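Visitor: Quick one, structure for this:
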Amino acid sequence: MPRKLAYEILKKIENNGQYSNIAIDSALKGSGLEKYDRALASTIVLGVIERRITLDYIIKKILKNFDKTDKNILIILRIGLYQMMFLDRIPTYAAVNETVRLAPKKFAGLVNAVLRTYERQKDKIDYPNENTDIYGYLSVKYSFPEEICHKFTDIYGTVRTKNIFEIFNRPSKTALRINTLKVGVDEYIRELGARNIDYEPSGYLPYIVMVNGCDVESLPGFEEGEFFVQDTASALCVEALGAEESDFLIDSCACPGSKSFGSAILMNNKGLIYSCDLHQSKLGLIDAGADRLGIGIIETMRKDGGVFDISLEGKADKVLCDVPCSGFGVIGKKPEIRYKKLSDTEKLPDIQYRILENCSRYVKNGGTLVYSTCTVIPEENLLNIERFLASHKDFALCDFNAGGLASKGGILELAPDINDTDGFFICKMKKIN
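Guide: Residues are numbered from 1 along each chain as shown. Below you'll find the model as predicted:
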């Protein structure tokens, strides 16, 4: 039963702090559900997380003792309400009846009453007024905390913020990077067609194709290493770095490894890549991925990107600093990121700067340094670059073109509403004598 599974997953996320992607993958593998039911369970889980502020706003309008209600009952109410509000293909009676079945007997009446009340009064619910309370309006309509609404409108203005939030709330597609070490682009696309799998090109890079959310491991060519998951923006970052055969490349914050894999493919599996990460436990993912993809030039190592390793000083042709960030550019794929408190991200710019400054010491004269994030926050992006260049006169911005997109003085800022990618920041620099 997909709703029952969704309920169990949401309880693990709510009560145990599990990440949604991990909780979903773990639960679906052992569920025995058919493809449609697995998709429905996943949709409900991600949708409830994504729309939680909106759902809770409505529940509070109906359920006066919201704050005293058992949190598992609130999860059930969110599941029911989400189906009624956002899943057009599910009839209201089915959404209500199946949700009521999730509740213990003593709470079944309460769940039924709240959902039926919404059904009767949904057109009478009083929402924040856009003209007098713009941040409250954005928060409830798009389900973002008000402080995030403030931050995005400061960056983009109200109109673009609405567009970006709308895009973040759409079902996201999965981007596949075709492994041209093993299979041609046209050949792999024919494989997708033979399996009746709908796909579309990325629009920027021929070796990136987009498929609807699905079980990646069930796609043709997974076991054979014919592709790996990599968003278009991440692949554009690899293009900007421009790794070539026989390069020595350092990927300073590599996990889960897609940029190292993409660079290795551009290098035709010739040269050397050090894929580094602070967490030893994550490096196994890169080793396993490289093995599946048939890549032999990657060496993984545990390394703090902010701590200097004298043995690497001035040795690398290319260095990639895809630094830890707030992630506010990938909310469409990771809905829980929207609930991060800005105060929890205040230390990130200094951490990022420390990694950038340290890893710049590994670049040889004439070599390339790329700094990137998957966020749109200026303090983590442009302001860090300005700070770095002001005190490192041996580096200069370097213009580049990636996938037909031209940088502006060595800087490319990708936005969901303009580029149809994740929000992403890429800066390319050259070390000069």
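
Visitor: Which neighbouring elements make contact with the lengthiest helix in the chain?
Guide: As assigned by DSSP state H, the longest helix anywhere in the chain is helix 146-168. Taking 3 or more CB pairs under 8 Å, 6 or more residues apart in numbering; DSSP states H and E as contact, the helices and strands that helix 146-168 lies on are helix 134-142, helix 416-419. Any C-beta I mention is one placed from the backbone N, CA and C, and that applies to glycine too.

Visitor: Select, out of those helices, the one closest to Gln230.
Guide: helix 416-419 (15.6 Å; CB to CB).

Visitor: Could you list every helix and strand that the helix or strand just after that closest one packs against?
Guide: Counting by DSSP states H and E, the next helix or strand C-terminal to helix 416-419 is strand 424-431. In terms of contacts (3+ CB pairs under 8 Å, 6+ apart), strand 424-431 is packed against helix 232-241, strand 363-373, helix 382-391, strand 395-397, strand 411-414.

Visitor: one more time with 7 Å
Guide: The helices and strands touching strand 424-431, judged by 3 or more CB pairs under 7 Å, 6 or more residues apart in numbering; DSSP states H and E, are helix 232-241, strand 363-373, strand 395-397, strand 411-414.

Visitor: what's next to stretch 12-20, contact-wise?
Guide: Stretch 12-20 is contacted by residues Ala23, Val45, Leu46, Ile49, Lys71, Ile75, Pro335, Glu336 when judged by CB atoms under 7 Å, 6 or more residues apart in numbering.

Visitor: same question but for stretch 69-77, I mixed them up
Guide: Outside stretch 69-77, the residues that reach it (CB under 7 Å, 6+ apart) are 7, 10-11, 14, 59, 63, 99, 102-103, 107, 110-111, 114.

Visitor: For it, buried residues please.
Guide: Thr69, Asn72, Ile73, Leu74, Ile75, Ile76, Leu77 (16 or more other CB atoms under 10 Å).

Visitor: next one: stretch 289-298
Guide: The neighbour-count check on stretch 289-298 (16+ other CB under 10 Å) flags Gly289, Ala290, Arg292, Leu293, Ile295, Ile297, Ile298 as buried.

Visitor: And these, which two are furthest apart?
Guide: Pairwise distances among the buried residues of stretch 289-298 were taken by CB to CB; the largest, 14.9 Å, belongs to Arg292 and Ile297.

Visitor: Can you list the buried residues in stretch 334-345?
Guide: Lys334, Pro335, Glu336, Ile337, Arg338, Lys340, Thr345.

Visitor: ugh, wrong one, I meant stretch 399-413
Guide: Buried residues in stretch 399-413, counted by 16+ other CB under 10 Å: Phe400, Ala402, Gly403, Leu405, Ser407, Gly410, Ile411, Leu412, Glu413.

Visitor: Could you check how far the first one is from Lys430?
Guide: Plainly put, Phe400 is 10 Å away from Lys430 if you go by CB to CB, to the nearest Å.

Visitor: got it, and the second one?
Guide: Note on Ala402: its distance to Lys430, by CB to CB, is 16 Å.

Visitor: Check the last one too.
Guide: Taking CB to CB as the criterion, Glu413 is separated from Lys430 by 20 Å.

Visitor: Domain ranges for the chain, per the record?
Guide: Domain assignment for the chain, taken from automatic domain parsing, gives 2-124, 134-168, 173-229, 232-431.

Visitor: With mean pLDDT added, can I get these in a markdown table?
Guide: As requested, the domains of the chain are exported to a markdown table (pLDDT from 0 to 100):
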| stretch | mean pLDDT |
| --- | --- |
| domain 2-124 | 90 |
| domain 134-168 | 97 |
| domain 173-229 | 93 |
| domain 232-431 | 97 |
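
Visitor: Can you tell me, leaving aside adjacent residues, what's nearest to Ala194?
Guide: Among residues not flanking Ala194 along the chain, Pro220 sits closest, at 7.6 Å (CB to CB, 6 or more residues apart in numbering).

Visitor: tell me the secondary structure for the one you found?
Guide: Three-state call for Pro220 (DSSP: H, G, I helix; E, B strand; the rest coil): coil.

Visitor: Other residues contacting stretch 106-120?
Guide: In contact with stretch 106-120 (CB under 7 Å, 6+ apart) are residues 58-59, 62-63, 73, 76-77, 80-81, 84, 92, 96, 99-100, 103.

Visitor: again, 8 Å this time
Guide: The set of residues external to stretch 106-120 that reach it, using CB atoms under 8 Å, 6 or more residues apart in numbering, is 58-59, 62-63, 70, 73, 76-77, 80-81, 84, 92, 95-96, 99-103.

Visitor: Neighbours of Ile59, how many?
Guide: Neighbour count for Ile59, taken as other CB atoms under 10 Å: 19.

Visitor: what about it, distance to Phe86?
Guide: From Ile59 to Phe86 the distance is 15 Å (CB to CB).

Visitor: again with Leu342
Guide: If you go by CB to CB, the gap between Leu342 and Phe86 works out to 27 Å.

Visitor: do the same with Thr421
Guide: 24 Å.

Visitor: Which of those two has more residues huddled nearby?
Guide: Remark: of Thr421 and Phe86, Thr421 carries more neighbours, 24 against 17, as counted by other CB under 10 Å.

Visitor: That one and Cys237 touch, don't they?
Guide: No: in this structure Thr421 lies outside contact range of Cys237 using CB atoms under 8 Å: 10.5 Å.

Visitor: Quick check: which element contains Val319?
Guide: Per DSSP H and E, Val319 falls inside strand 316-322.

Visitor: Determine the next helix or strand in the C-terminal direction from that strand.
Guide: helix 348-360.

Visitor: hmm, who's touching that following helix?
Guide: Contacts of helix 348-360 (CB under 8 Å, 6+ apart): 250, 252-253, 305-308, 319, 321, 323-326, 369, 371, 373, 379-380, 383-384, 387-388, 392, 395, 431.

Visitor: PyMOL command to pick out the buried ones of these?
Guide: A single PyMOL command is used to select the members of the contacts of helix 348-360 judged buried by 16+ other CB under 10 Å:
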select buried, resi 250+252+253+305+306+319+321+323+325+326+369+371+373+379+380+384+387+388+392+395+431
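
Visitor: just checking, Lys270 touches Phe248?
Guide: No: judged on CB under 8 Å, Lys270 makes no contact with Phe248 at a distance of 11.3 Å.

Visitor: Between the two, which has more neighbouring residues?
Guide: More crowded of Lys270 and Phe248, by other CB under 10 Å: Phe248, with 19 against 12.

Visitor: so Asp123, which of the three states?
Guide: Per three-state DSSP, Asp123 ends up helix.

Visitor: roughly how far apart are it and Leu320?
Guide: 52 Å.
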